[in-house]
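Asks: Just a sequence and a predicted model for now, questions to come.
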Amino acid sequence: MTFRISTTPLDPPTLARDLLDLRAGAYVEFQGWVRNHNEDQAVQALEYEAYVALAEKEGARILAEVATRHAILGAACVHRTGLLQLGELAVWVGVTAAHRGAAFEACRAIIDETKARVPIWKKEHYTSGATGWINCATRGDFATPAAPQPQAGPG
Amino acid sequence: MTFRISTTPLDPPTLARDLLDLRAGAYVEFQGWVRNHNEDQAVQALEYEAYVALAEKEGARILAEVATRHAILGAACVHRTGLLQLGELAVWVGVTAAHRGAAFEACRAIIDETKARVPIWKKEHYTSGATGWINCATRGDFATPAAPQPQAGPG
Amino acid sequence: MTSVQLHYFALLREQRGLSSEVLATSATDAAALYAELSARHGFTLPIDRVRVAINGEFAPWNTPLLEGAELVFIPPVAGG
Amino acid sequence: MTSVQLHYFALLREQRGLSSEVLATSATDAAALYAELSARHGFTLPIDRVRVAINGEFAPWNTPLLEGAELVFIPPVAGG
(Lines give C-alpha, C1' and ligand atoms only; values in the text may rest on other atoms or scores of the structure.)
Protein backbone atom coordinates (compact mmCIF):
# COMPACT_ATOMS: atom_id res chain seq x y z
CA MET A 1 0.00 0.00 0.00
CA THR A 2 2.17 2.88 -1.20
CA PHE A 3 1.27 6.26 -2.66
CA ARG A 4 4.19 8.05 -4.21
CA ILE A 5 4.97 11.20 -6.18
CA SER A 6 7.58 10.65 -8.89
CA THR A 7 9.61 13.19 -10.81
CA THR A 8 10.71 10.51 -13.29
CA PRO A 9 8.75 8.47 -15.88
CA LEU A 10 6.60 5.60 -14.61
CA ASP A 11 7.07 2.05 -15.85
CA PRO A 12 3.86 0.06 -15.30
CA PRO A 13 5.38 -3.46 -15.46
CA THR A 14 7.91 -2.51 -12.79
CA LEU A 15 5.22 -0.96 -10.63
CA ALA A 16 2.87 -3.93 -11.05
CA ARG A 17 5.59 -6.37 -9.98
CA ASP A 18 5.31 -5.23 -6.36
CA LEU A 19 1.67 -6.32 -6.32
CA LEU A 20 2.21 -9.94 -7.37
CA ASP A 21 0.30 -12.16 -4.94
CA LEU A 22 -0.63 -15.83 -5.39
CA ARG A 23 -3.89 -15.22 -3.52
CA ALA A 24 -4.96 -12.70 -6.18
CA GLY A 25 -7.26 -13.71 -9.03
CA ALA A 26 -7.79 -10.17 -10.28
CA TYR A 27 -5.51 -7.26 -11.05
CA VAL A 28 -6.97 -3.94 -12.21
CA GLU A 29 -4.79 -1.08 -13.37
CA PHE A 30 -5.60 2.52 -14.23
CA GLN A 31 -3.32 4.74 -16.26
CA GLY A 32 -3.97 8.45 -16.78
CA TRP A 33 -2.40 9.62 -20.04
CA VAL A 34 -1.77 13.15 -21.28
CA ARG A 35 -4.38 13.51 -24.00
CA ASN A 36 -4.33 15.94 -26.89
CA HIS A 37 -7.48 17.83 -25.91
CA ASN A 38 -9.52 19.04 -22.97
CA GLU A 39 -13.03 20.27 -23.48
CA ASP A 40 -12.66 21.90 -26.90
CA GLN A 41 -9.04 22.96 -26.67
CA ALA A 42 -6.02 21.33 -28.30
CA VAL A 43 -3.45 20.46 -25.64
CA GLN A 44 0.29 20.31 -26.28
CA ALA A 45 1.69 19.38 -22.86
CA LEU A 46 0.78 19.19 -19.18
CA GLU A 47 2.67 20.43 -16.18
CA TYR A 48 2.08 18.74 -12.83
CA GLU A 49 3.10 20.15 -9.50
CA ALA A 50 2.58 18.59 -6.06
CA TYR A 51 2.88 19.47 -2.42
CA VAL A 52 4.80 16.23 -2.04
CA ALA A 53 4.77 15.70 1.74
CA LEU A 54 1.03 16.26 2.11
CA ALA A 55 0.21 14.52 -1.19
CA GLU A 56 1.91 11.31 -0.06
CA LYS A 57 0.27 11.52 3.36
CA GLU A 58 -3.23 12.11 1.93
CA GLY A 59 -2.63 9.45 -0.73
CA ALA A 60 -1.68 6.89 1.93
CA ARG A 61 -4.90 7.72 3.77
CA ILE A 62 -6.90 7.11 0.58
CA LEU A 63 -5.31 3.68 0.10
CA ALA A 64 -5.98 2.76 3.72
CA GLU A 65 -9.61 3.90 3.51
CA VAL A 66 -10.22 2.01 0.28
CA ALA A 67 -8.67 -1.13 1.77
CA THR A 68 -11.15 -1.03 4.63
CA ARG A 69 -14.13 -0.66 2.26
CA HIS A 70 -13.18 -3.22 -0.41
CA ALA A 71 -11.86 -6.78 -0.14
CA ILE A 72 -8.51 -6.10 -1.78
CA LEU A 73 -5.11 -7.65 -1.25
CA GLY A 74 -2.86 -4.83 -2.41
CA ALA A 75 -3.01 -1.33 -3.89
CA ALA A 76 -0.53 1.29 -5.02
CA CYS A 77 -0.60 4.65 -6.75
CA VAL A 78 2.18 6.73 -8.26
CA HIS A 79 1.70 10.22 -9.69
CA ARG A 80 4.16 12.04 -11.94
CA THR A 81 5.17 15.67 -11.58
CA GLY A 82 6.95 17.92 -14.05
CA LEU A 83 6.33 18.72 -17.70
CA LEU A 84 4.67 15.83 -19.55
CA GLN A 85 4.26 15.42 -23.28
CA LEU A 86 1.23 14.01 -25.12
CA GLY A 87 0.80 10.31 -24.50
CA GLU A 88 2.92 10.31 -21.34
CA LEU A 89 1.77 8.50 -18.23
CA ALA A 90 0.67 10.95 -15.52
CA VAL A 91 -0.76 8.60 -12.92
CA TRP A 92 -0.77 4.86 -12.34
CA VAL A 93 -3.00 2.86 -9.97
CA GLY A 94 -2.76 -0.92 -9.46
CA VAL A 95 -5.01 -3.07 -7.29
CA THR A 96 -5.09 -6.81 -6.57
CA ALA A 97 -7.96 -8.81 -5.08
CA ALA A 98 -9.18 -12.38 -4.91
CA HIS A 99 -12.17 -11.35 -7.06
CA ARG A 100 -12.54 -8.78 -9.80
CA GLY A 101 -15.46 -6.80 -8.37
CA ALA A 102 -13.43 -5.49 -5.44
CA ALA A 103 -10.41 -4.80 -7.65
CA PHE A 104 -12.43 -2.68 -10.13
CA GLU A 105 -14.27 -0.76 -7.42
CA ALA A 106 -11.17 -0.06 -5.35
CA CYS A 107 -9.14 1.05 -8.38
CA ARG A 108 -11.90 3.45 -9.39
CA ALA A 109 -12.23 4.79 -5.84
CA ILE A 110 -8.48 5.39 -5.55
CA ILE A 111 -8.25 7.47 -8.72
CA ASP A 112 -11.47 9.36 -7.92
CA GLU A 113 -10.32 10.25 -4.41
CA THR A 114 -6.83 11.10 -5.62
CA LYS A 115 -8.23 13.59 -8.10
CA ALA A 116 -10.56 15.07 -5.50
CA ARG A 117 -8.27 15.33 -2.47
CA VAL A 118 -4.57 15.01 -3.15
CA PRO A 119 -2.67 18.32 -3.44
CA ILE A 120 -1.51 17.95 -7.05
CA TRP A 121 -2.08 20.64 -9.65
CA LYS A 122 -2.18 20.52 -13.42
CA LYS A 123 -1.43 23.30 -15.85
CA GLU A 124 -2.47 22.77 -19.44
CA HIS A 125 -0.35 24.16 -22.24
CA TYR A 126 -2.54 24.66 -25.29
CA THR A 127 -1.33 24.60 -28.87
CA SER A 128 -2.58 28.19 -29.07
CA GLY A 129 0.22 29.16 -26.64
CA ALA A 130 -2.19 29.84 -23.78
CA THR A 131 -1.92 28.01 -20.47
CA GLY A 132 -4.36 27.33 -17.67
CA TRP A 133 -4.32 25.83 -14.18
CA ILE A 134 -7.16 23.31 -14.21
CA ASN A 135 -9.99 23.98 -11.75
CA CYS A 136 -8.55 27.40 -10.90
CA ALA A 137 -10.44 29.58 -13.35
CA THR A 138 -12.36 32.29 -11.53
CA ARG A 139 -14.17 33.75 -14.52
CA GLY A 140 -14.97 30.51 -16.36
CA ASP A 141 -12.93 31.67 -19.31
CA PHE A 142 -10.70 28.78 -20.28
CA ALA A 143 -10.11 26.09 -17.70
CA THR A 144 -12.52 23.37 -16.65
CA PRO A 145 -15.05 24.13 -13.91
CA ALA A 146 -13.88 23.51 -10.38
CA ALA A 147 -14.68 20.12 -8.90
CA PRO A 148 -16.78 20.18 -5.73
CA GLN A 149 -14.54 21.13 -2.83
CA PRO A 150 -13.59 18.24 -0.58
CA GLN A 151 -14.28 18.56 3.13
CA ALA A 152 -11.57 20.23 5.13
CA GLY A 153 -9.50 18.00 7.35
CA PRO A 154 -8.04 14.56 6.88
CA GLY A 155 -10.06 11.47 6.26
CA MET B 1 -10.87 -4.06 -31.27
CA THR B 2 -9.46 -7.58 -31.23
CA PHE B 3 -10.38 -10.63 -29.19
CA ARG B 4 -7.87 -13.42 -29.41
CA ILE B 5 -7.17 -16.83 -27.91
CA SER B 6 -3.47 -17.44 -27.25
CA THR B 7 -1.65 -20.69 -26.58
CA THR B 8 1.46 -18.77 -25.46
CA PRO B 9 2.09 -16.50 -22.43
CA LEU B 10 0.66 -12.97 -22.54
CA ASP B 11 2.86 -9.89 -22.17
CA PRO B 12 0.75 -6.93 -20.99
CA PRO B 13 3.12 -4.11 -22.11
CA THR B 14 3.21 -5.56 -25.62
CA LEU B 15 -0.56 -5.93 -25.69
CA ALA B 16 -1.14 -2.42 -24.32
CA ARG B 17 1.08 -0.88 -26.98
CA ASP B 18 -1.56 -1.49 -29.66
CA LEU B 19 -3.99 0.70 -27.74
CA LEU B 20 -1.84 3.84 -27.55
CA ASP B 21 -3.95 6.80 -28.67
CA LEU B 22 -3.23 10.50 -28.16
CA ARG B 23 -6.95 11.17 -27.77
CA ALA B 24 -7.07 8.86 -24.73
CA GLY B 25 -6.84 10.24 -21.21
CA ALA B 26 -7.67 6.95 -19.52
CA TYR B 27 -6.43 3.39 -19.88
CA VAL B 28 -7.93 0.61 -17.76
CA GLU B 29 -6.54 -2.90 -17.75
CA PHE B 30 -7.81 -6.11 -16.22
CA GLN B 31 -5.63 -9.15 -15.64
CA GLY B 32 -7.01 -12.48 -14.47
CA TRP B 33 -4.35 -14.42 -12.57
CA VAL B 34 -4.29 -18.07 -11.56
CA ARG B 35 -4.82 -17.86 -7.82
CA ASN B 36 -3.92 -20.47 -5.24
CA HIS B 37 -7.46 -21.13 -4.04
CA ASN B 38 -11.08 -21.30 -5.14
CA GLU B 39 -13.82 -21.38 -2.59
CA ASP B 40 -12.11 -23.39 0.15
CA GLN B 41 -9.85 -25.54 -1.99
CA ALA B 42 -6.11 -25.11 -2.56
CA VAL B 43 -5.42 -24.87 -6.29
CA GLN B 44 -2.19 -26.00 -7.90
CA ALA B 45 -2.76 -25.19 -11.59
CA LEU B 46 -5.49 -24.35 -14.09
CA GLU B 47 -6.15 -25.82 -17.48
CA TYR B 48 -7.99 -23.69 -20.05
CA GLU B 49 -9.56 -25.00 -23.21
CA ALA B 50 -11.42 -23.00 -25.88
CA TYR B 51 -13.54 -23.55 -28.93
CA VAL B 52 -11.28 -21.08 -30.66
CA ALA B 53 -13.27 -20.18 -33.77
CA LEU B 54 -16.49 -19.47 -31.89
CA ALA B 55 -14.67 -17.90 -28.91
CA GLU B 56 -13.00 -15.32 -31.13
CA LYS B 57 -16.27 -14.63 -32.97
CA GLU B 58 -18.27 -14.21 -29.75
CA GLY B 59 -15.46 -12.18 -28.20
CA ALA B 60 -15.43 -9.80 -31.17
CA ARG B 61 -19.20 -9.35 -30.73
CA ILE B 62 -18.69 -8.48 -27.07
CA LEU B 63 -16.12 -5.81 -27.94
CA ALA B 64 -18.40 -4.35 -30.60
CA GLU B 65 -21.39 -4.28 -28.25
CA VAL B 66 -19.41 -2.65 -25.46
CA ALA B 67 -18.09 -0.04 -27.88
CA THR B 68 -21.62 0.96 -28.79
CA ARG B 69 -22.64 1.33 -25.12
CA HIS B 70 -19.58 3.15 -23.75
CA ALA B 71 -17.60 6.11 -25.10
CA ILE B 72 -14.35 4.22 -25.59
CA LEU B 73 -11.59 4.66 -28.14
CA GLY B 74 -10.11 1.15 -28.18
CA ALA B 75 -10.50 -2.25 -26.53
CA ALA B 76 -8.81 -5.62 -26.75
CA CYS B 77 -8.96 -8.95 -24.95
CA VAL B 78 -6.66 -11.95 -25.09
CA HIS B 79 -7.33 -15.24 -23.28
CA ARG B 80 -4.77 -17.96 -22.67
CA THR B 81 -5.37 -21.66 -23.16
CA GLY B 82 -3.32 -24.59 -21.93
CA LEU B 83 -1.98 -25.54 -18.50
CA LEU B 84 -1.25 -22.48 -16.36
CA GLN B 85 0.69 -22.36 -13.12
CA LEU B 86 -0.09 -20.25 -10.04
CA GLY B 87 0.41 -16.55 -10.69
CA GLU B 88 0.21 -16.91 -14.47
CA LEU B 89 -1.86 -14.51 -16.54
CA ALA B 90 -5.02 -16.20 -17.87
CA VAL B 91 -6.84 -13.26 -19.42
CA TRP B 92 -5.98 -9.66 -20.28
CA VAL B 93 -8.38 -6.82 -21.14
CA GLY B 94 -7.27 -3.29 -22.09
CA VAL B 95 -9.54 -0.31 -22.79
CA THR B 96 -8.82 3.31 -23.72
CA ALA B 97 -11.20 6.26 -23.51
CA ALA B 98 -11.08 10.03 -23.32
CA HIS B 99 -12.45 9.80 -19.76
CA ARG B 100 -11.98 7.21 -17.03
CA GLY B 101 -15.65 6.42 -16.34
CA ALA B 102 -16.19 4.85 -19.74
CA ALA B 103 -12.86 3.00 -19.60
CA PHE B 104 -13.65 1.40 -16.21
CA GLU B 105 -17.21 0.45 -17.16
CA ALA B 106 -16.26 -0.97 -20.54
CA CYS B 107 -13.36 -2.99 -19.12
CA ARG B 108 -15.63 -4.48 -16.48
CA ALA B 109 -18.33 -5.25 -19.04
CA ILE B 110 -15.84 -6.99 -21.35
CA ILE B 111 -14.53 -9.36 -18.68
CA ASP B 112 -18.03 -10.00 -17.30
CA GLU B 113 -19.44 -10.86 -20.74
CA THR B 114 -16.38 -12.90 -21.64
CA LYS B 115 -16.80 -15.05 -18.56
CA ALA B 116 -20.53 -15.43 -19.20
CA ARG B 117 -20.60 -16.07 -22.94
CA VAL B 118 -17.32 -17.04 -24.54
CA PRO B 119 -16.76 -20.80 -25.04
CA ILE B 120 -13.73 -21.19 -22.80
CA TRP B 121 -13.53 -23.82 -20.08
CA LYS B 122 -11.44 -24.05 -16.96
CA LYS B 123 -10.37 -27.17 -15.12
CA GLU B 124 -8.95 -26.70 -11.66
CA HIS B 125 -6.19 -28.99 -10.44
CA TYR B 126 -6.28 -29.07 -6.66
CA THR B 127 -3.31 -29.77 -4.42
CA SER B 128 -5.30 -32.76 -3.16
CA GLY B 129 -4.88 -34.33 -6.61
CA ALA B 130 -8.53 -33.90 -7.53
CA THR B 131 -9.63 -31.91 -10.57
CA GLY B 132 -12.85 -30.21 -11.55
CA TRP B 133 -14.32 -28.43 -14.57
CA ILE B 134 -15.63 -25.15 -13.20
CA ASN B 135 -19.40 -24.59 -13.50
CA CYS B 136 -19.89 -28.19 -14.66
CA ALA B 137 -20.63 -29.88 -11.34
CA THR B 138 -24.00 -31.58 -11.41
CA ARG B 139 -24.15 -32.62 -7.78
CA GLY B 140 -22.71 -29.47 -6.21
CA ASP B 141 -19.86 -31.48 -4.74
CA PHE B 142 -16.67 -29.63 -5.61
CA ALA B 143 -16.86 -27.05 -8.37
CA THR B 144 -18.40 -23.58 -8.18
CA PRO B 145 -22.11 -23.24 -8.90
CA ALA B 146 -23.07 -22.69 -12.52
CA ALA B 147 -23.40 -19.10 -13.68
CA PRO B 148 -26.83 -18.17 -15.06
CA GLN B 149 -27.12 -19.54 -18.58
CA PRO B 150 -26.70 -16.93 -21.29
CA GLN B 151 -29.43 -16.64 -23.92
CA ALA B 152 -29.06 -18.93 -26.90
CA GLY B 153 -28.08 -17.34 -30.18
CA PRO B 154 -25.55 -14.69 -31.03
CA GLY B 155 -25.56 -11.52 -28.97
CA MET C 1 -29.87 -41.26 -41.30
CA THR C 2 -27.98 -37.98 -41.22
CA SER C 3 -24.23 -37.81 -41.05
CA VAL C 4 -22.84 -35.03 -38.84
CA GLN C 5 -19.42 -33.98 -37.56
CA LEU C 6 -19.08 -33.55 -33.79
CA HIS C 7 -16.42 -31.76 -31.73
CA TYR C 8 -16.21 -32.15 -27.97
CA PHE C 9 -14.70 -29.82 -25.39
CA ALA C 10 -13.93 -29.88 -21.68
CA LEU C 11 -16.13 -32.15 -19.57
CA LEU C 12 -17.98 -33.52 -22.61
CA ARG C 13 -14.70 -34.36 -24.33
CA GLU C 14 -13.58 -36.29 -21.29
CA GLN C 15 -16.92 -38.08 -20.89
CA ARG C 16 -17.00 -38.95 -24.60
CA GLY C 17 -13.34 -39.96 -24.55
CA LEU C 18 -12.49 -38.23 -27.81
CA SER C 19 -12.34 -34.77 -29.40
CA SER C 20 -14.24 -35.30 -32.67
CA GLU C 21 -16.15 -37.90 -34.56
CA VAL C 22 -18.34 -38.31 -37.60
CA LEU C 23 -21.65 -39.87 -36.68
CA ALA C 24 -24.70 -41.20 -38.51
CA THR C 25 -27.84 -40.48 -36.51
CA SER C 26 -31.58 -40.79 -36.82
CA ALA C 27 -32.05 -37.73 -34.59
CA THR C 28 -33.78 -34.94 -36.47
CA ASP C 29 -32.69 -31.98 -34.38
CA ALA C 30 -29.79 -30.99 -32.10
CA ALA C 31 -31.74 -31.66 -28.91
CA ALA C 32 -32.57 -35.20 -29.94
CA LEU C 33 -28.93 -35.81 -30.84
CA TYR C 34 -27.76 -34.59 -27.43
CA ALA C 35 -30.29 -36.88 -25.75
CA GLU C 36 -29.08 -39.82 -27.86
CA LEU C 37 -25.41 -39.15 -27.00
CA SER C 38 -26.15 -38.53 -23.32
CA ALA C 39 -27.82 -41.92 -23.06
CA ARG C 40 -24.98 -43.63 -24.91
CA HIS C 41 -22.03 -41.96 -23.14
CA GLY C 42 -23.42 -40.99 -19.76
CA PHE C 43 -23.05 -37.22 -20.11
CA THR C 44 -23.77 -35.72 -16.70
CA LEU C 45 -24.78 -32.26 -17.90
CA PRO C 46 -28.54 -31.87 -18.38
CA ILE C 47 -29.47 -30.25 -21.69
CA ASP C 48 -30.61 -27.05 -19.98
CA ARG C 49 -27.01 -26.38 -18.90
CA VAL C 50 -25.60 -26.94 -22.38
CA ARG C 51 -25.78 -24.86 -25.55
CA VAL C 52 -25.25 -26.01 -29.11
CA ALA C 53 -23.28 -24.45 -31.94
CA ILE C 54 -23.94 -25.50 -35.51
CA ASN C 55 -21.48 -24.69 -38.28
CA GLY C 56 -19.59 -22.31 -36.01
CA GLU C 57 -22.55 -20.35 -34.58
CA PHE C 58 -24.75 -20.70 -31.55
CA ALA C 59 -28.08 -22.19 -32.66
CA PRO C 60 -31.45 -23.10 -31.14
CA TRP C 61 -31.80 -26.67 -29.89
CA ASN C 62 -34.65 -27.38 -32.31
CA THR C 63 -32.50 -26.67 -35.34
CA PRO C 64 -33.00 -29.57 -37.83
CA LEU C 65 -29.90 -31.64 -38.50
CA LEU C 66 -28.64 -31.31 -42.04
CA GLU C 67 -26.25 -33.71 -43.75
CA GLY C 68 -22.65 -32.71 -43.13
CA ALA C 69 -23.41 -30.22 -40.37
CA GLU C 70 -20.71 -29.54 -37.75
CA LEU C 71 -22.03 -29.57 -34.18
CA VAL C 72 -20.44 -28.57 -30.92
CA PHE C 73 -22.15 -29.01 -27.57
CA ILE C 74 -21.07 -26.19 -25.26
CA PRO C 75 -20.77 -27.01 -21.54
CA PRO C 76 -21.19 -24.10 -19.08
CA VAL C 77 -18.38 -21.71 -19.91
CA ALA C 78 -15.81 -20.55 -17.37
CA GLY C 79 -13.30 -18.19 -18.93
CA GLY C 80 -11.36 -15.64 -16.94
CA MET D 1 3.31 40.16 15.11
CA THR D 2 3.66 36.45 14.33
CA SER D 3 6.34 35.11 12.07
CA VAL D 4 5.23 32.26 9.77
CA GLN D 5 6.72 30.31 6.89
CA LEU D 6 4.69 30.19 3.67
CA HIS D 7 4.96 27.87 0.67
CA TYR D 8 3.08 28.54 -2.56
CA PHE D 9 2.01 26.13 -5.28
CA ALA D 10 0.49 26.32 -8.75
CA LEU D 11 -1.65 29.41 -9.45
CA LEU D 12 -0.87 30.97 -6.07
CA ARG D 13 2.87 30.52 -6.62
CA GLU D 14 2.59 32.31 -9.95
CA GLN D 15 0.42 35.09 -8.55
CA ARG D 16 2.74 35.55 -5.58
CA GLY D 17 5.82 35.33 -7.82
CA LEU D 18 7.76 33.08 -5.47
CA SER D 19 7.67 29.61 -3.89
CA SER D 20 8.27 30.38 -0.22
CA GLU D 21 8.75 33.25 2.15
CA VAL D 22 8.95 34.02 5.84
CA LEU D 23 6.44 36.66 6.82
CA ALA D 24 5.61 38.68 9.91
CA THR D 25 1.88 39.22 10.15
CA SER D 26 -0.66 40.70 12.51
CA ALA D 27 -3.30 38.23 11.28
CA THR D 28 -4.42 35.96 14.09
CA ASP D 29 -5.75 33.03 12.07
CA ALA D 30 -5.17 31.39 8.69
CA ALA D 31 -8.25 32.98 7.11
CA ALA D 32 -7.16 36.49 8.05
CA LEU D 33 -3.70 35.80 6.66
CA TYR D 34 -5.15 34.61 3.34
CA ALA D 35 -7.27 37.78 3.17
CA GLU D 36 -4.22 39.92 3.88
CA LEU D 37 -2.16 38.22 1.17
CA SER D 38 -5.02 38.25 -1.35
CA ALA D 39 -5.34 42.00 -0.97
CA ARG D 40 -1.58 42.52 -1.26
CA HIS D 41 -0.90 40.18 -4.21
CA GLY D 42 -4.21 40.07 -6.07
CA PHE D 43 -4.93 36.35 -5.58
CA THR D 44 -7.92 35.53 -7.80
CA LEU D 45 -9.10 32.45 -5.89
CA PRO D 46 -11.79 33.25 -3.31
CA ILE D 47 -11.13 31.68 0.08
CA ASP D 48 -13.99 29.22 -0.32
CA ARG D 49 -12.10 27.54 -3.18
CA VAL D 50 -8.88 27.25 -1.20
CA ARG D 51 -7.87 25.02 1.70
CA VAL D 52 -5.06 25.55 4.14
CA ALA D 53 -2.47 23.15 5.50
CA ILE D 54 -0.57 24.00 8.68
CA ASN D 55 2.60 22.14 9.62
CA GLY D 56 1.96 19.53 6.93
CA GLU D 57 -1.72 18.78 7.67
CA PHE D 58 -5.01 20.13 6.41
CA ALA D 59 -6.39 22.49 9.07
CA PRO D 60 -9.50 24.61 9.67
CA TRP D 61 -9.36 28.20 8.48
CA ASN D 62 -9.89 29.52 12.00
CA THR D 63 -6.74 27.84 13.32
CA PRO D 64 -4.79 30.49 15.31
CA LEU D 65 -1.39 31.38 13.88
CA LEU D 66 1.47 30.30 16.08
CA GLU D 67 5.01 31.61 15.85
CA GLY D 68 7.06 29.58 13.39
CA ALA D 69 4.09 27.76 11.81
CA GLU D 70 4.43 26.52 8.24
CA LEU D 71 1.39 27.33 6.08
CA VAL D 72 0.41 26.22 2.61
CA PHE D 73 -2.65 27.55 0.82
CA ILE D 74 -4.05 24.78 -1.38
CA PRO D 75 -5.69 25.84 -4.65
CA PRO D 76 -8.35 23.51 -6.12
CA VAL D 77 -6.52 20.25 -6.80
CA ALA D 78 -6.39 18.59 -10.21
CA GLY D 79 -4.36 15.43 -10.15
CA GLY D 80 -4.86 12.58 -12.58
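Replies: Perfect, I can see it now.

Asks: Would you mind confirming that A:A97 is in contact with A:V66?
Replies: No. Between A:A97 and A:V66 there is no contact under CB atoms under 8 Å: 11.0 Å. No exception for glycine: its C-beta is placed from N, CA and C like everyone else's.

Asks: More neighbours: the two, which one.
Replies: Set side by side, A:A97 and A:V66 show more neighbours around A:A97, with 26 against 23, by other CB atoms under 10 Å in any protein chain shown.

Asks: That one bridge partners, please.
Replies: Following DSSP bridges, A:A97 is listed with bridge partners A:A26, A:I72.

Asks: what is in contact with A:A97 and A:V66 at once?
Replies: Here A:A97 and A:V66 share the contacting residues A:72, A:106, scored by CB atoms under 8 Å, 6 or more residues apart in numbering or on different chains.

Asks: partners of the nearest residue to A:F30 once chain neighbours are set aside in the sheet?
Replies: In space, A:F30 comes closest to A:V93 once its chain neighbours are excluded; the distance is 4.2 Å by CB to CB, 6 or more residues apart in numbering or on different chains. Legend: beta-bridge partners of A:V93 under DSSP bridges are A:F30, A:C77.

Asks: Return the residues in contact with A:V93.
Replies: Neighbours of A:V93 in contact, by CB under 8 Å, 6+ apart: A:29-31, A:75-77, A:107, A:110-111, A:114.

Asks: A:A64: neighbour count?
Replies: For A:A64, using other CB under 10 Å, the count is 13.

Asks: what does the helix or strand that contains it contact?
Replies: A:A64 belongs to helix A:52-69 when elements are defined using DSSP states H and E. Outside helix A:52-69, the residues that touch it by CB under 8 Å, 6+ apart are A:1-5, A:72, A:75-77, A:79, A:81, A:106, A:109-110, A:113-114, A:117-120, A:154-155, D:53, D:56-58, D:72, D:79.

Asks: Okay, and residue 23 sits in which element?
Replies: Because you didn't say which chain, this covers chain A. Short version, using DSSP H and E: A:R23 is in no helix or strand.

Asks: not quite, I wanted chain C
Replies: strand C:20-25.

Asks: count of neighbours near the nearest residue to C:Y8 once chain neighbours are set aside?
Replies: With sequence-adjacent residues excluded and distances taken as CB to CB, 6+ apart, C:Y8 is closest to C:R16, at 4.8 Å. C:R16 sits with 19 neighbouring residues when counted by other CB under 10 Å.

Asks: shouldn't C:R16 be in contact with C:F9?
Replies: No. At 9.9 Å, C:R16 does not count as touching C:F9 under the criterion of CB under 8 Å.

Asks: hmm, back to that, roughly how far is the strand holding C:L23 from the heart of the chain?
Replies: Relative to its chain's centre, strand C:20-25 lies at 10 Å (CA atoms, centre = their mean, to the nearest Å).

Asks: Pull out the buried positions in that strand.
Replies: C:23, C:25 (16 or more other CB atoms under 10 Å in any protein chain shown).

Asks: Let me see the mean pLDDT of the helix or strand following it.
Replies: Downstream of strand C:20-25, the first helix or strand assigned by DSSP H and E is helix C:30-41. The average pLDDT within helix C:30-41 is 98.

Asks: if we can go back for a sec, could you tell me the per-residue confidence at the residue nearest to C:Y8?
Replies: 98.

Asks: Distance check, it against C:A10.
Replies: Using CB to CB, to the nearest Å, C:R16 is found at 11 Å from C:A10.

Asks: hang on, the earlier thing: give me the buried subset of the contacts of helix A:52-69.
Replies: Applying 16+ other CB under 10 Å to these flags A:3-5, A:72, A:75-77, A:79, A:81, A:106, A:109-110, A:113-114, A:117-120, D:53, D:58, D:72, D:79 as buried.

Asks: Can you flag which of those belong to strands?
Replies: Members of the buried ones among the contacts of helix A:52-69 lying in strands (criterion: DSSP state E): A:3-5, A:72, A:75-77, A:79, A:120, D:53, D:58, D:72.

Asks: Let me have those in CSV, extended by pLDDT and distance to A:L86.
Replies: As requested, these are exported to CSV (pLDDT from 0 to 100; distance: CB to CB, whole Å):
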residue, pLDDT, distance to A:L86
A:F3, 98, 26
A:R4, 98, 24
A:I5, 98, 21
A:I72, 98, 32
A:A75, 98, 28
A:A76, 98, 25
A:C77, 98, 22
A:H79, 98, 18
A:I120, 98, 19
D:A53, 98, 32
D:F58, 98, 33
D:V72, 98, 31
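
Asks: Quick one: residues contacting the residue nearest to C:Y8.
Replies: C:8, C:37, C:41, C:43.
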